[in-house]
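Any chance you can model this:
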Amino acid sequence: MWKWFVGGFVALVVLCGAGGWFLSSSEQFKSLVNPPEKAIEVRLETVATRDLIRTVGAPGNIEPKSDVMLSAQVSARISELPFEEGDAVQKDDVVVQLDDEDLQAALESAEANLKVQQAMHAEAVVGHLSAQASYRSEQARLDGANSALSEATAEVGRVRELFDTKDRSQADLQRAEASFEQQESNVKIAQASVEVAEQNVKRAEAGVLGALASIEVSQAQIRRAKKDLTNATIHSPISGIITTLNSEEGELVVVGTMNNAGSVIMEIADLSEMLFQARVDEANVTSVEPGQEVDVFINAYGDEIFKGVVRKVGQRRLTYTDGTYYFETEVVVILEEGQTLRSGLTASCEILVETIPDAMQVPSQAVLSRRISDLPKEIVEASDLIDDRKTFTYVVYTVASGKAQVTPVVIGASDLKNTVIQAGLVEGDRVIAGPYKILEELKHGQLIKSDDIATGEIAGVLATDGASDPVQEPAGG
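You can find the predicted model right below:
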């Protein structure tokens with residue numbers, strides 16, 4: 001019994017082995033166990049030589065080159081506003097008329113005060129002349145007193161000599177001495193009177209100077225009153241458009257002080273000369289210089305491109321509301337005759353900072369940074385463009401026999417879309433330019449296919465019947 005059992009088991013093993021050999025030798029089984037590699041669809045670009053225009057982008061706003069805000073220089077009510085917001089005005093047009101009745105009265109008062117001060121000056125001059133005359137009179141009295149004192153002195157001397165010789169009496173000597181003392185006292189009185197007269201002259205001179213100063217003050221008040229009266233009529237300092245009108249007839253406008261801003265009546269802008277105030281990032285500002293050409297893109301004008309020229313580059317770093325640092329750069333927007341732009345429009349620009357002629361270029365997206373240790377050893381050893389002292393190197397993926405081939409390159413300058421290739425490629429080479437997600441994960445030797453298979457310019461295609469048999473790349477592809 002057991003012999004039949006063993007024989008059946010051996011027969012079963014033989015049958016299973018034969019079936020396994022048959023399945024393993026069939027193509028269907030091989031395809032099921034080891035499915036063919038699937039080609040990745042990519043976008044190819046041809047390496048081309050052309051001028052590379054390097055630009056610096058910056059956001060900003062459109063503002064008038066000439067923009068003035070008109071405020072009152074005197075406090076008064078508005079009596080007339082000849083223009084409305086949006087109206088065009090010419091330089092020196094009267095745009096605001098203030099009520100000038102009080103200002104006219106102030107001028108008349110200042111002129112009357114000047115007349116009073118002039119009269120007081122004339123009176124002070126007369127007083128000065130009188131004081132000078134009094135001084136001269138007192139000086140004459142002093143001179144007379146001095147002469148009398150001299151005579152009294154001489155008389156005392158003669159009488160004393162005669163008294164000593166017994167030719168004159170004691171009474172004569174006493175009379176002579178008394179006369180001398182009297183004359184000496186008169187001299188002192190005259191000297192005091194002269195000093196008083198001299199002080200009166202100085203006082204009168206000060207009165208004249210004070211009157212002259214009062215006249216000058218009155219004249220200054222007249223000039224100020226005239227200026228205030230003139231300021232009651234406000235003229236436009238430029239030709240332009242009234243972009244903002246903040247006041248109405250009858251409103252009181254006030255003059256600004258240190259702590260309080262004055263009333264801004266209106267804003268006038270010359271919209272025929274516009275500036276684009278660009279916020280250039282601090283990392284790019286060193287490339288921007290006055291005179292460079294600019295393309296300005298204004299959001300309100302869709303795809304229309306406005307030309308401009310860099311006028312001035314700010315020298316002081318500023319901080320924007322979002323915390324970023326920038327340098328304010330003025331760009332003159334070139335407008336056609338009669339063309340105007342609204343003030344405050346949001347825009348962006350591209351500043352042409354460098355032109356590299358006849359530069360071999362590829363799309364910037366195609367240039368990748370790869371760790372050198374991750375590249376195939378044969379690629380690293382065969383390339384003299386890889387600096388093994390560095391960790392990363394720049395590469396692109398070209399096409400060889402329907403597969404992606406990593407190719408080390410040396411890059412140069414870039415614009416917003418393209419990068420200059422200085423070494424590693426030749427004109428006409430085909431590089432894989434996208435999609436970006438595919439590029440990030442693409443490996444050396446992976447099968448690829450392209451949308452331009454219909455034109456015969458593909459890198460590789462899959463063979464039919466489930467096998468992976470890429471077509472050889474056409475010449476020059």
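
contacts and neighbour counts: CA atoms only from here.
OK.

Show me the domain layout of the protein.
The chain breaks down by automatic domain parsing into domains covering 40-47+368-408+428-455, 103-231, 270-355.

Please, which helix or strand holds the closest residue to Gly250 other than its chain neighbours?
Nearest residue to Gly250 in three dimensions, chain neighbours excluded: Ile78, at 5.0 Å (C-alpha to C-alpha, 6 or more residues apart in numbering). Assigning secondary structure by DSSP states H and E places Ile78 in strand 76-80.

name the helices or strands packed onto that strand?
Under the contact criterion of 3 or more C-alpha pairs under 8 Å, 6 or more residues apart in numbering; DSSP states H and E, strand 76-80 touches strand 94-98, strand 252-253.

Of these, which shows the lowest average pLDDT?
If the helices and strands packed on strand 76-80 are sorted by mean pLDDT, strand 252-253 sits at the bottom with a mean of 89.

got a list of contacts for it?
Identification of contacts with strand 252-253 by C-alpha atoms under 8 Å, 6 or more residues apart in numbering yields Ala72, Val74, Ser75, Ala76, Arg77, Ile78, Gly262, Ser263, Ile265.

hmm, 6 Å instead?
Ser75, Ala76, Arg77, Ser263 (C-alpha atoms under 6 Å, 6 or more residues apart in numbering).

Tell me the gap between it and the middle of its chain.
Relative to its parent chain, strand 252-253 has a centroid offset of 32 Å by C-alpha atoms, centre = their mean, to the nearest Å.

ok so, going back, neighbouring strands - and their directions - for the strand holding Ile78?
Using DSSP bridges, the strands paired with strand 76-80 are strand 94-98 (antiparallel), strand 252-253 (antiparallel).

what about Phe180, which SS state?
Under DSSP: H, G, I helix; E, B strand; the rest coil, Phe180 falls in the helix class.

I'd assumed Ala154 was in contact with it.
No. The pair Phe180 and Ala154 fails to qualify as a contact (C-alpha atoms under 6 Å) at a distance of 9.0 Å.

ok, the two, which is more surrounded?
Using other C-alpha atoms under 10 Å as the criterion, Phe180 and Ala154 rank with Phe180 on top: 21 against 14.

The more buried one and Arg279, how far apart?
Distance of Phe180 to Arg279, computed by C-alpha to C-alpha, to the nearest Å: 100 Å.

that older thread, out of the strands paired with strand 76-80, which gets nearest to Ala39?
Closest to Ala39 of the strands paired with strand 76-80, according to C-alpha to C-alpha: strand 94-98, at 75.2 Å.

Tell me the helix or strand right after that closest one.
Scanning forward in sequence from strand 94-98 by DSSP H and E, the next helix or strand is helix 101-164.

Check the average confidence over stretch 424-435, would you?
If you average the pLDDT over stretch 424-435, you get 90.

What number of residues are in the vicinity of Asp384?
Other residues close to Asp384 by other C-alpha under 10 Å number 12.

can you check Arg279 too?
26.

What does it show for phi and psi?
phi -100, psi 90 (degrees, to the nearest 10).

Who are the contact partners of it?
Neighbours of Arg279 in contact, by C-alpha under 6 Å, 6+ apart: Ala58, Pro59, Gly60, Tyr326, Phe327, Glu328.

just these now: which is nearest Val406?
Once C-alpha to C-alpha is applied, the member of these that ends up nearest Val406 is Ala58, at 35.0 Å.

sorry, back to before: out of the domains of the chain, flag the one nearest Val254.
domain 103-231 (12.6 Å).

which SSE is Val309 in?
Here Val309 sits within strand 305-313, counting by DSSP H and E.

Could you check that strand and say which residues are buried?
Along strand 305-313, these residues count as buried under the neighbour rule (16 or more other C-alpha atoms under 10 Å): Phe306, Lys307, Gly308, Val309, Val310, Arg311, Lys312, Val313.

looking at the sheet around the closest residue to the first one other than its chain neighbours, what are its partners?
Put plainly, it is Phe306. Distances taken as C-alpha to C-alpha, 6+ apart put Val296 closest to Phe306, at 4.9 Å, once the chain neighbours are dropped. Beta-bridge pairing of Val296 under DSSP bridges involves Phe306, Cys349.

so what's Val296 scoring on pLDDT?
95.

now the nearest residue to Thr355 once chain neighbours are set aside, what's its secondary structure?
Excluding the flanking residues, the one nearest Thr355 by C-alpha to C-alpha, 6+ apart is Ile53, at 4.5 Å. Three-state assignment for Ile53 (three-state DSSP): strand.

same for the strand holding Val309, what does it pack against?
strand 293-298, strand 325-333 (3 or more C-alpha pairs under 6 Å, 6 or more residues apart in numbering; DSSP states H and E).

Out of those strands, which gets nearest to Arg158?
Once the helices and strands packed on strand 305-313 are compared by C-alpha to C-alpha, strand 325-333 is nearest, at 104.2 Å.

Give the other helices and strands that the closest one contacts.
strand 264-281, strand 305-313, strand 318-319.

ok, the residue nearest to Thr355 touching Pro357?
No. Using C-alpha under 6 Å, Ile53 is not in contact with Pro357; the gap is 8.5 Å.

With neighbour numbers in mind, choose between those two.
Between Ile53 and Pro357, counted using other C-alpha under 10 Å, the more crowded position is Ile53 (18 against 11).

Tell me the spacing between that one and Glu354.
Ile53 is 6 Å from Glu354, by C-alpha to C-alpha.

same question, Ala106
From Ala106 to Glu354 the distance is 64 Å (C-alpha to C-alpha).

same deal with Thr230?
According to C-alpha to C-alpha, Thr230 stands 54 Å off from Glu354.

same check, this time on Glu155
114 Å.

Including mean neighbour count and distance to Glu84, could the strands paired with strand 76-80 go into TSV?
Listed next are the strands paired with strand 76-80 as TSV, based on neighbours: other C-alpha atoms under 10 Å; distance: least, C-alpha to C-alpha, whole Å:
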stretch	mean neighbour count	distance to Glu84
strand 94-98	21	9
strand 252-253	18	18
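
Including distance to Leu142, could those strands go into CSV?
Below are the strands paired with strand 76-80 laid out as CSV (distance: least, C-alpha to C-alpha, whole Å):
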stretch, distance to Leu142
strand 94-98, 67
strand 252-253, 68
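
Find the residue ranges of the stretch 1-150 of the chain scoring beneath the pLDDT cut-off.
The model of the stretch 1-150 of the chain has pLDDT under 70 over residues 1-37.

again but with the stretch 351-477 of the chain, I slipped
Scanning the stretch 351-477 of the chain for pLDDT under 70 picks out the ranges 451-477.

how about the strands of it, start to end?
Remark: strands assigned in the stretch 351-477 of the chain by DSSP state E, counting those that start in this stretch are 368-371, 392-400, 403-408, 410-414, 418-423, 430-434, 448-450.
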